[in-house]
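have a look; sequence and predicted model below, questions after that.
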Amino acid sequence: MGSSDFYIEEFVDRRFIVSLRGEWTFDNASAIEQSLKTLSAPASTDVEFRCAGLRRIDLTGAWLLYAKSLEMEAEGFKPEFSGFKDTHFKFLHQVIDQPHPEDPGIEDKEFTFLARPMAALGRTTTHAISDIGQMAAMGLDGLRRPSPVTFRETINQLYEVGLKAVPIIALMSFLIGVVLAYQASTLLTQLGAGAFTIDLVAISILREMGVMLTAIMVAGRSGSAFAASLGVMKLNEVNEEVDDMLIMGLPPNGTLVLPRVLGLVVALPLLAALSDLCGIAGTWFMSVTLLGLSSAQFFDRINDAVTLDTVMVGLSKAPFFALIIGAVGTLRGLQVKSSAEELGRQTTRAVVEAIFLVITADAAFSIIYTELGI
Amino acid sequence: MPESVISVRGLVNKFGRNMVHDGLDLEVKQGEIFSIVGGSGSGKSVLLRSILGLQRPISGKITVLGMPIRPGAELPYRHWGVLFQHGALFSGLTVRENVELPIALHSSMGQHTRSKLASLKVQMAGLPSEAEDKVPSELSGGMVKRAALARALALEPRLLFLDEPTAGLDPIAAEEFEDVILYLRESLDLTVVIITHDLDTLYSLSDRVAVLVDGKARTGTLEEVATMDHPWINSYFNGVRARVIRTTESVV
Ligand SMILES: Nc1ncnc2c1ncn2[C@@H]1O[C@H](COP(=O)(O)OP(=O)(O)OP(=O)(O)O)[C@@H](O)[C@H]1O
Ligand SMILES: [Mg+2]
């Protein structure tokens, strides 16, 4: 005959009596559970739970006891209870004894080496295709049904993504110009080609660096903002903002997507041009302070090295980068459905994918322009 | 001897020029169901937030379950359950995981027991078991309420706060909900604070009522409060809807 903190077992007149004691509460749940595991009545006896000595019982305690009694019933005993507030069991009975659907068999564990990665590859591919389709659909729908506020919203976005980005992009580009000029002059002077420093730096800034770094900065600033703001609107728990727009006759694509993408397509080339200017300014600053050139000499060199084509090659990429950033950001935002975590994930994806695609596109442009001989 | 579970003394809350509470006093006793009513914007939710230590009042002294509620002080997490007005479930977790979370935080019971106990609470709150594996965005508004109730009940609280528990529930569901509350009070010695606009709930559950008017609380039994002399209280308790409910109550 055993006993524990929670009950005493004894035999009285061939009856197996379990006298409950102590606190059958949530705090003791795991201890009660442990000690109930060792409780088993000898076969073919009557079992009685006496509850008079119980100090306190809460719903968790009652439930543990109820579960034990069900288990004993399944083993063929007929447990009885005495001295017990029966509201607990009546309530539990009412709650628990509704028909339960069985657990559906959890995913089949069949182990196949190839199936899983192949399935993942297939999923990624179909997702990519459906993403592209969705972007196109959003864009076309936005153009076909522009909303009454498209224009105003676009101006808003121009301010948000364009004007507000001016200081950071100007500063960043200036510094890039400074650093490039410094590094290039050190290296080229060692090679005896110091005279080409300005050619090298100006061409790399105008053709590649200016527009690309601007695009990356904008992807980080605005791609994430697009995804986060649209994502929050989509979180239908919070507020059904997108639905609200629909019932007011504001087409979401025309109101949310189009102005953002348009705003970027206009703003990014301008920001890239600004970046070019500031980059050159940084180079100029380095040249007159470190390389000992006069301003006139500097601009002579620039004139020789740079043609309008150089600038246009760089800037012509900007609208495409803007499309990529805008489309990816808005798409990922609108794909948020249920949770705050998903919002975070989609925002990250928006930025990472936008930057990746911008760099990929830049490589493609590089090849195209080289093939065209520009 | 019914001791006081919540005591609020001279509570003052102010947002800019908007004086929400102006020296509010309140006393909730062990084992009672205490309702708080008041017009929209009368400061019910702010009062709740102050009692829970989520809102720092301008002045006033609040004690809950013998613990003073101050910024930075230890709060009685383990002993209270809260159902917020807007549900406030964790959006990334399923209903069962939402209920399991507080249990896991405050108990060492095994994974299996924990999840069974969570299921029990979910069913108690009146949700079908299919709902357990859904995330909040897949639930209806009423189901979110019930899931949040299940979570509020997860830790066997001694004190339960319900902000608008029956808003958004159909009348039958609201009645089931009231049954659950009554059962809990009966068998577990629970103290319940309910904020409600629902006169049915008010009449079928409350032991005592506090009406928030003019930044203060007027407290008493339903009969006492209903006869108080104040324009808002008069129109609230003597409105058509209130009369219908009272006559049906007295017929029954
Ligand atoms: N964070 C806040 N900042 C400024 N004002 C607030 C804030 N929270 C509440 N208020 C103001 O306090 C007052 C009381 O708000 P509260 O949410 O408590 O109302 P309520 O009684 O719960 O109303 P309802 O029945 O509509 O829920 C309102 O006037 C509200 O505008
Ligand atoms: Mg409120």
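Done, it's in. Ligands and ions are numbered 1, 2, ... in the order given.

so which helix or strand takes in A:Asp243?
helix A:241-247 (DSSP states H and E).

make that A:Pro319, sorry
helix A:318-334.

right, is that helix up against chain B?
No: Helix A:318-334 does not reach chain B (CB under 8 Å from any CB of the partner chain); its nearest approach is 14.8 Å. Yep, even glycine has a C-beta here, placed from its N, CA and C like the rest.

what's that helix packed up against?
Under the contact criterion of 3 or more CB pairs under 8 Å, 6 or more residues apart in numbering or on different chains; DSSP states H and E, helix A:318-334 touches helix A:115-144, helix A:210-218, helix A:224-234, helix A:258-286, helix A:340-372.

any idea which of those helices scores lowest on pLDDT?
In terms of average pLDDT, helix A:115-144 trails the rest of the helices and strands packed on helix A:318-334, at a mean of 85.

and the next helix or strand past that one?
helix A:150-157.

off-centre distance for that following helix?
Computed by CA atoms, centre = their mean, to the nearest Å, the chain-centroid distance of helix A:150-157 equals 26 Å.

buried set for that helix?
Buried residues in helix A:150-157, counted by 16 or more other CB atoms under 10 Å in any protein chain shown: A:150, A:153-154, A:157.

which one among those residues sits at the bottom for pLDDT?
Ranking those by pLDDT, A:Thr150 lands last with 85.

that one and A:Pro259 touch, don't they?
Yes: here A:Thr150 reaches A:Pro259: they are 5.6 Å apart, a contact under CB atoms under 8 Å.

is it fair to say B:Leu47 lies in a helix?
Yes: checked against DSSP: H, G, I helix; E, B strand; the rest coil, B:Leu47 lies within a helix.

shouldn't it be in contact with B:Phe34?
No: counting by CB under 8 Å, B:Leu47 stays clear of B:Phe34, with 11.8 Å between them.

more neighbours: those two, which one.
B:Leu47 (28 against 22; other CB atoms under 10 Å in any protein chain shown).

contacts only, for that one.
Residues near B:Leu47 by CB atoms under 8 Å, 6 or more residues apart in numbering or on different chains: B:8, B:11, B:13, B:21, B:24, B:26, B:36, B:212.

switch to 7 Å and redo it
Applying CB atoms under 7 Å, 6 or more residues apart in numbering or on different chains, one finds that B:Leu47 lies in contact with B:21, B:36.

okay, now the closest residue to ligand 2 within chain B: neighbour count?
Nearest residue of chain B to ligand 2: B:Ser45, at 3.2 Å (CB to the ion). By other CB under 10 Å, 19 other residues sit near B:Ser45.

can you check the one 5 residues further on too?
B:Ser50 sits with 23 neighbouring residues when counted by other CB under 10 Å.

not counting sequence-adjacent ones, nearest residue to it?
Sequence neighbours aside, B:Pro57 is the residue nearest to B:Ser50 in space, at 5.0 Å (criterion: CB to CB, 6 or more residues apart in numbering or on different chains).

for the one you found, phi and psi?
Phi and psi for B:Pro57, reported as degrees, to the nearest 10, are phi -70, psi 160.

what sits against it?
B:Pro57 touches B:11-13, B:50, counting by CB under 7 Å, 6+ apart.

kindly report the same for A:Met248.
No contacts exist for A:Met248 under CB under 7 Å, 6+ apart.

looking at it, A:Ser147 is touching A:Pro251, isn't it?
Yes: look at A:Ser147 against A:Pro251 with CB atoms under 7 Å: they come within range, at 5.1 Å.

most neighbours, which of the contacts of B:Pro57?
When neighbours are counted by other CB under 10 Å, B:Leu11 leads these with 26 neighbours.

what's the closest non-adjacent residue to that residue?
For B:Leu11, the spatially nearest residue (CB to CB, 6+ apart) is B:Gly60, at 3.5 Å.

B:Arg9 is in contact with the one you found, correct?
Yes: with contact defined as CB under 7 Å, B:Gly60 counts as touching B:Arg9 (6.2 Å).

out of these two, which sits in the more crowded spot?
For the pair B:Gly60 and B:Arg9, the greater number of neighbours falls to B:Gly60 (17 against 14), based on other CB under 10 Å.

wait, what's in contact with the more buried one?
B:Gly60 is in contact with B:8-12, counting by CB under 7 Å, 6+ apart.

adding secondary structure, distance to A:Phe321 and pLDDT, write those residues out as JSON lines.
Conversion of the contacts of B:Gly60 to JSON lines gives the following (DSSP: H, G, I helix; E, B strand; the rest coil; distance: CB to CB, whole Å; pLDDT from 0 to 100):
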{"residue": "B:Val8", "secondary structure": "strand", "distance to A:Phe321": "59", "pLDDT": "93"}
{"residue": "B:Arg9", "secondary structure": "strand", "distance to A:Phe321": "63", "pLDDT": "93"}
{"residue": "B:Gly10", "secondary structure": "strand", "distance to A:Phe321": "61", "pLDDT": "92"}
{"residue": "B:Leu11", "secondary structure": "strand", "distance to A:Phe321": "56", "pLDDT": "93"}
{"residue": "B:Val12", "secondary structure": "strand", "distance to A:Phe321": "56", "pLDDT": "93"}
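
nearest to chain A, of those?
Using CB to the nearest CB, B:Val8 comes nearest to chain A of the contacts of B:Gly60, at 27.0 Å.

so how far is B:Pro71 from the closest one?
To B:Pro71, B:Val8 is 16 Å away according to CB to CB, to the nearest Å.

if you count what's nearby, which of the two comes out ahead?
Comparing B:Val8 with B:Pro71 by other CB under 10 Å, the one with more neighbours is B:Val8, at 23 against 8.

quick one: contacts for the closest residue in space to A:Thr25 that isn't next to it in sequence?
Leaving aside its sequence neighbours, A:Thr25 sits nearest to A:Asp58 (CB to CB, 6+ apart; 4.7 Å). When contacts are counted by CB under 7 Å, 6+ apart, A:Asp58 is found next to A:25-26, B:156, B:188.

so what's A:Thr126 up against?
With CB under 7 Å, 6+ apart as the criterion, no residue contacts A:Thr126.
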